[in-house]
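Student: build me a structure from this.
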Amino acid sequence: MAQKKKPTSKPRKSASSGAKPPSSGAKPRARKPASRLTGPKPLPPPATTLQQELRMMAHSGAQSLQSLIVFLAVLVVIAGVGIGAWSMRPVPSYASVEQKAGSPFDATFTAENTSPWFPMKGLKLNCVLDHVRASGREPTLIEATDVRFPAAAVDELKPGEIATFRCPFRALFGLPPLAEDYSTAHRAQIYFRATYELPFIGTIRLSDNSVPYFLNTRLLPPRWTSKPEG
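Tutor: Numbering: from 1, shown residues only. Reported below is the predicted structural model:
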């Protein structure tokens, strides 16, 4: 008898083999964000009343007034210290030495440091012929001559020290050396100008003008004084 042939079974296609690979242009699926836990909403700040606002304004005004008072107090202290320091600055005092012969314009003068604390460093002395009555002469400043400081000093006067100098006014009038021209000197008014360094700050120089001086003929012999005596 002839044997019957078994039908051959076709091989099954696996799912993996039949699946198409994903295309490179395909976009991945977006994940859903996790649900956030929402808490209760914050309460709005309490509204300030008119009385509270007035209190805040009064407090702010008091602080501003206090700051202004402190600032003014500091200014007053600084001004007081400055005025006190300025009043203690060294100031020269001048006098005329007796001269028995010659022109009053050849008189010798003294400059004294009246400060008990501070020296006068870098001292420069000048003489000023302010005016001569009925002459029309302009004020003239000339440098002092024959300036002599104490021993071992060049241009410095320590407290209480004295320097001597002369004012060459006679050369302005062309008077001979021994001329006694009291008429011109009697009508003249002079003063002195000193420049020197500020104590502790040498880069700043002070300038001081003396009071006017006149030839006092009431004194014998006549000499220059700040005001007539007698």
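Student: list the buried residues in the lengthiest strand in the chain.
Tutor: For the chain, the strand that runs over the most residues, judged by DSSP state E, is strand 188-198. Of the residues in strand 188-198, those scored as buried under the neighbour-count criterion (16 or more other CB atoms under 10 Å) are 188-194, 196-198. The C-beta positions use only the backbone N, C-alpha and C, and glycine is treated the same way.
Student: and what of stretch 207-225?
Tutor: Neighbour counts over stretch 207-225 (16+ other CB under 10 Å) mark 210, 213-216, 222-225 as buried.
Student: I figured Asp208 hits Ser93, correct?
Tutor: No. In terms of CB atoms under 8 Å, Asp208 does not count as a neighbour of Ser93; the distance is 10.4 Å.
Student: after the lowest-mean-pLDDT helix or strand in the chain, next one along is what?
Tutor: For the chain, scoring each helix and strand by mean pLDDT, DSSP states H and E identifies helix 15-18 as the least confident one, at a mean of 48. Per DSSP states H and E, the first helix or strand lying C-terminal to helix 15-18 is helix 50-87.
Student: after that following helix comes which helix or strand?
Tutor: Stepping forward along the backbone from helix 50-87, the first helix or strand reached (DSSP H and E) is strand 92-96.
Student: tell me the strands beside the very next helix or strand once past that next one, with direction?
Tutor: Moving toward the C-terminus from strand 92-96, the next helix or strand (DSSP H and E) is strand 108-113. According to DSSP bridges, the neighbouring strands of strand 108-113, each with its direction, are strand 92-96 (antiparallel), strand 162-166 (antiparallel).
Student: among those strands, which is nearest Asp146?
Tutor: strand 162-166 (4.6 Å; CB to CB).
Student: now the angle from that closest one to strand 188-198?
Tutor: Regarding strand 162-166 and strand 188-198, their directions subtend 140 degrees when assessed with axes from the mean of the first three to the mean of the last three CA atoms, to 10 degrees.
Student: kindly export strand 162-166 (C-alpha atoms) in PDB.
Tutor: C-alpha atoms of strand 162-166 as PDB (Å, rounded to 0.1, in the frame of the first residue of the first chain):
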ATOM      1  CA  ILE A 162      62.400 137.700  69.400                       C
ATOM      2  CA  ALA A 163      63.900 138.600  66.000                       C
ATOM      3  CA  THR A 164      65.100 142.000  64.800                       C
ATOM      4  CA  PHE A 165      64.800 143.600  61.400                       C
ATOM      5  CA  ARG A 166      64.700 146.800  59.500                       C
END
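Student: count the neighbours of Leu129 for me.
Tutor: 20 (other CB atoms under 10 Å).
Student: what's the helix or strand for it?
Tutor: Since the elements are taken from DSSP H and E, Leu129 ends up inside strand 124-132.
Student: for that strand, packing partners?
Tutor: strand 140-143, strand 188-198 (3 or more CB pairs under 8 Å, 6 or more residues apart in numbering; DSSP states H and E).
Student: and that strand, which residues are buried?
Tutor: By neighbour count, with 16+ other CB under 10 Å as the criterion, the buried positions of strand 124-132 are 125-129, 131-132.
Student: what distance do you get for Arg166 to Tyr191?
Tutor: For Arg166, the distance to Tyr191 equals 15 Å [CB to CB, to the nearest Å].
Student: isn't Ser115 right next to Pro159, touching?
Tutor: Yes. A contact is recorded between Ser115 and Pro159 when judged using CB under 8 Å, the distance being 5.4 Å.
Student: shared neighbours of the two, anything?
Tutor: Pro90 (CB atoms under 8 Å, 6 or more residues apart in numbering).
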